[in-house]
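S.K.: the sequence and its predicted three-dimensional model are supplied below.
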Amino acid sequence: MIEDVSRHSGGEVSADVCILGSGPAGITIARMLAAQGKSVIMAEGGGMEFEEESQELYSGSTRGGDRPYPIMQSRLRFFGGTSNHWTGMCAPLMPLDMQKREWVPRSGWPFGREVLDPFYVRAHEILDLGEYEYSTEVVRPEGGFVPFREDVIESRIWRRSPPTRFRLKYRDEIEQSELIRCVTHANFLGMESTDDGKRVTALLVGDGASDPVMLRAEVFVMACGGMENSRLLLHAPDAVLRAMGPSAEMIGRCFIDHVWQQGALLIHPTGDWREKYRGLSHNGTRVIAGICLNEDFLRRERMQGISATFGDDVSPEGVREGTETIGLSVHVEPAPNPDCRIFLDERRDRLGLKRLRFHWRLSESDRETMVKSVTVLAEELGRMQLGRVRLGEGATQEVFPQALTAESHHMGGTRMTEDPAEGVVDADCRLHGVENFYIGGSSVYPTVGYVNPTLTVVAMALRLGDHLNTVV
Amino acid sequence: MLEPSPVSRRGFVIAAAGAVGALGAGGLLSGCGRAERAALFATWEELLLALLPLTPEAVVGLAATAAAALGEGVMADGLVAGLPSSDSIGWTLEGGVSALAPERAMAACSSLIAAEYGEGRVEMVDRWILSRAEVHMLALMHMERGER
């Protein structure tokens, strides 16, 4: 069922599990629990459609960071969350993305890619991606992709979701569910815990107009998005923060967004190879093709992850008329940086919570990865006599990182680590030191690779749903 | 600052067999061991315009940047000596010479440049990632134009 929080004004609602947030992670977890007969409260801060008043609660400050960040435009605060405006690009993380890389400080997930594989397969159905097939031996243009040196550059594909809007796909199912109670305009207002902070006993939610409502459950899941998870968790009571020990200091730290920049890529008049990377599909699913660097090459060169896609025609200055030119979009995996951080502003929103403050910081290693990867591509295109490459201005030392663009992939902030001093949640996505509070969504990623995050968000939500079904 | 150019603007013609004697007399001849050779282009600028899909103005600008990046004390003969060569393509201070017909010589020249890319011998000039040979040719072009 779906109902407004005002219906319970001043009262209490109970269920086996309480989930904050109704984006891809929240809805996926709720459906899994309901399928196993568990009762679920799903508290959504917004309504069923976009509302300015709700969206305004995302307002905050980015002053003090390396550059401004689009904290308002990059997320949506209503049923279905940011799936209401995502573009649908999907690919799994590569095994190396999840491994400990000694040249990337704080890298490494508590488990390997093989753990996520079965969940990726199931996530494909949810995101309407067709079969789980990313091999470029199977999905390829006629004649194959450009034969780059495979030990250096590999072609890579992304499958494209329609894109799935969770609001449209799952509204009826949730409306008719007897086990899922979706409460709209139920904004997080506070948290109640045992005296030692080791168990959360209730969440206080409300719309600011009617009286607050107490949500009680055995287990709680916060799945409010990559930025909001950190902000709301920073509002946890002192007892909970104490129970978290050193991990409380990590809340909001190591936030990561992919950055991209466009360099001009010149194609010689005879070059028609870019067509190999366009207009692909596989059994009815649209496919976007690009390139990435070979994993052994990344290890050897001690580089972070990168990918590149070929964009629209561009007209760079100084290029001779009649020369075919296209944009080269380079996407870099920034390294975890504790100073890239979400914390609380002194200003408060209309509900009395401190607003978000965000310092977006990038590292010199991020710039070096970008320059080195474009150089490697230039070497390969030059070797094959396919074109010349000019580095985008954004990657130059003089202007970095001012001219780079955020991709609005909100990751990190409540990162997953075995060591409580290095992260916020454990391998089960449970808060370090707290027995019954979990985090869903991309904020738990310790490192992020170069692929878009949503497929992994859903895979991780399925994994968390499986886990919760064993503990509730 | 670069040394003043010892390279003359004249002397670059698509030469007939035997012309290399005159071309080679002015200085270093790198590679291209055959007796009969033809000059590839009249100037370094012409060669670079054939190699790079850039406007003449852009190439002139890049040449100046390349020369500045190489710094003071760089001699033209040193740059020429460092250019990649083969049995079919060689270089004099005045430009490329080849044992091949001009249309085939250009393909051979492109192959030499491609090999530089393949071996990772690249440098960045004004954000263009170019083979080291191209960058050195740009510097030679700058000298050739008598610019500093």
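M.R.: Looks like it arrived, so ask away. Numbers count the residues shown, from 1 in each chain, chains lettered A, B, ... in the order given.
S.K.: what about the chain, any weak spots by pLDDT?
M.R.: Chain wasn't specified; assuming chain A. Along chain A, the model assigns pLDDT under 70 to residues A:268-272.
S.K.: actually chain B
M.R.: B:1-38, B:96, B:98-100, B:147-148.
S.K.: mind running it again at 80?
M.R.: B:1-42, B:87-88, B:93-104, B:147-148 (pLDDT under 80).
S.K.: tell me who's in contact with A:V319.
M.R.: A:A264, A:L266, A:T325, B:P53, B:L54, B:T55, B:A58 (CB atoms under 8 Å, 6 or more residues apart in numbering or on different chains). Every C-beta, even on glycine, is put in place using the N, C-alpha and C of the backbone.
S.K.: okay, and which of the residues you listed map to helices?
M.R.: Taking DSSP state H as the definition of helices, the contacts of A:V319 contribute B:A58.
S.K.: for the contacts of A:V319, which one is nearest A:M250?
M.R.: Closest approach to A:M250 among the contacts of A:V319 (CB to CB): A:A264, at 40.1 Å.
S.K.: what secondary structure does the closest residue in space to that closest one that isn't next to it in sequence sit in?
M.R.: Using CB to CB, 6 or more residues apart in numbering or on different chains and skipping residues adjacent in sequence, the residue nearest A:A264 is A:P316, 3.9 Å away. Under DSSP: H, G, I helix; E, B strand; the rest coil, A:P316 falls in the coil class.
S.K.: in this structure A:P316 contacts A:L391, no?
M.R.: No. Contact criterion CB atoms under 8 Å: A:P316 and A:L391 do not qualify, at 11.5 Å.
S.K.: what about the helices in chain B?
M.R.: Counting by DSSP H, the helices of chain B are B:20-25, B:44-51, B:56-70, B:76-82, B:102-118, B:132-144.
S.K.: check which residues of the second one are buried.
M.R.: Okay, so that is helix B:44-51. B:W44, B:E45, B:E46, B:L47, B:L48, B:L49, B:L51 (16 or more other CB atoms under 10 Å in any protein chain shown).
S.K.: do the same with the longest one
M.R.: By neighbour count, with 16+ other CB under 10 Å as the criterion, the buried positions of helix B:102-118 are B:A105, B:M106, B:A108, B:C109, B:L112, B:I113, B:A114, B:A115, B:E116, B:Y117.
S.K.: so which of these comes closest to A:V221?
M.R.: Closest approach to A:V221 among those (CB to CB): B:Y117, at 51.6 Å.
S.K.: setting aside sequence neighbours, what's the nearest residue to the closest one?
M.R.: Once flanking residues are discounted, B:Y117 sits nearest to A:G382: 2.9 Å by CB to CB, 6+ apart.
S.K.: okay, the angle between the helix or strand harbouring the one you found and helix B:132-144?
M.R.: According to DSSP states H and E, A:G382 maps onto helix A:364-383. Going by axes from the mean of the first three to the mean of the last three CA atoms, to 10 degrees, helix A:364-383 is angled at 90 degrees with respect to helix B:132-144.
S.K.: in helix A:364-383, which residues are buried?
M.R.: A:365-383.
S.K.: find the nearest non-adjacent residue to A:A236, please.
M.R.: A:M191 (5.3 Å).
S.K.: secondary structure class for that neighbour?
M.R.: strand.
S.K.: hmm, it is touching A:D238, no?
M.R.: No. Between A:M191 and A:D238 no contact is recorded; they are 10.8 Å apart, counting by CB under 8 Å.
S.K.: when those two are compared, which one has more neighbours?
M.R.: A:M191 (21 against 10; other CB atoms under 10 Å in any protein chain shown).
S.K.: can you name the residues bridging to the more buried one?
M.R.: A:L203 (DSSP bridges).
S.K.: pull the contacting residues for it.
M.R.: Counting by CB under 8 Å, 6+ apart, A:M191 has contacts A:V200, A:A202, A:L203, A:L204, A:H235, A:A236, A:P237, A:V240.
S.K.: any chance of these in JSON lines, with distance to A:L351 too?
M.R.: Below are the contacts of A:M191 laid out as JSON lines (distance: CB to CB, whole Å):
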{"residue": "A:V200", "distance to A:L351": "19"}
{"residue": "A:A202", "distance to A:L351": "17"}
{"residue": "A:L203", "distance to A:L351": "13"}
{"residue": "A:L204", "distance to A:L351": "11"}
{"residue": "A:H235", "distance to A:L351": "11"}
{"residue": "A:A236", "distance to A:L351": "16"}
{"residue": "A:P237", "distance to A:L351": "17"}
{"residue": "A:V240", "distance to A:L351": "19"}
